[in-house]
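Chemist: Sequence plus predicted model, see below.
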Amino acid sequence: MTHSTDGAKIKRWREDPQWSQQHLTDLAGLGLRTVQRIENGQAASQESLMALANAFEVDAQSLLLDPTAEAANIVRTKNEKARDAIRMSFFIHLAGFLIGVATFIAISMTDGSGYFTMKVPLAWWFVGMVAHAATVLIIEIVTRYQDKTV
């Protein structure tokens, strides 16, 4: 049976007293490649887990991944990606809006009427920008709240 180990924690615990991987393998009686795989987050056998626990003088459970913490990490990562994507969509929309404003100004200046003829489409586009900004704000608030509660 294999166990999901917290490779980053094992590596930190090894590096804290400034042990090399070879030193840990000597203490635990494991192969160097086994320690390298475990530190890279791959599963460990029951025997390897017990050997590492003995080397660190800790309970074997402390070397395992905490499923709740892992799930919370996944949620935070997904929320961050969602926030980045929605922000990017807003900035793309904003860039298009600014190009549109410049285009609408150019159209109004060249029609010869002396009147800003493109104000109605510009106003509606501005309403769309405000709605998009509100959506971005809501998603920011909701995902940040969710990050704090998981």
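Modeler: Arrived safely.
Chemist: Show me what the helix-or-strand element of the chain with minimal mean pLDDT is packed against.
Modeler: When each helix and strand of the chain is scored by mean pLDDT, DSSP states H and E, strand 2-3 comes last, with a mean of 76. Judged by 3 or more Cβ pairs under 8 Å, 6 or more residues apart in numbering; DSSP states H and E, strand 2-3 is in contact with strand 44-45, helix 46-56. Where C-beta positions appear, they are placed from N, C-alpha and C, glycine not excepted.
Chemist: In a markdown table: those, plus mean neighbour count and mean pLDDT.
Modeler: Listed next are the helices and strands packed on strand 2-3 as a markdown table, based on neighbours: other Cβ atoms under 10 Å; pLDDT from 0 to 100:
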| stretch | mean neighbour count | mean pLDDT |
| --- | --- | --- |
| strand 44-45 | 19 | 86 |
| helix 46-56 | 18 | 87 |
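Chemist: What helices and strands are in contact with the helix or strand Phe90 falls within?
Modeler: Per DSSP states H and E, Phe90 falls inside helix 67-110. Identification of packing neighbours for helix 67-110 by 3+ Cβ pairs under 8 Å, 6+ apart yields helix 119-149.
Chemist: what angle sits between the helix it packs on and helix 67-110?
Modeler: 170 degrees (axes from the mean of the first three to the mean of the last three Cα atoms, to 10 degrees).
Chemist: Next SSE downstream of the least confident helix or strand of the chain?
Modeler: Next in sequence after strand 2-3, counting helices and strands by DSSP H and E, comes helix 7-15.
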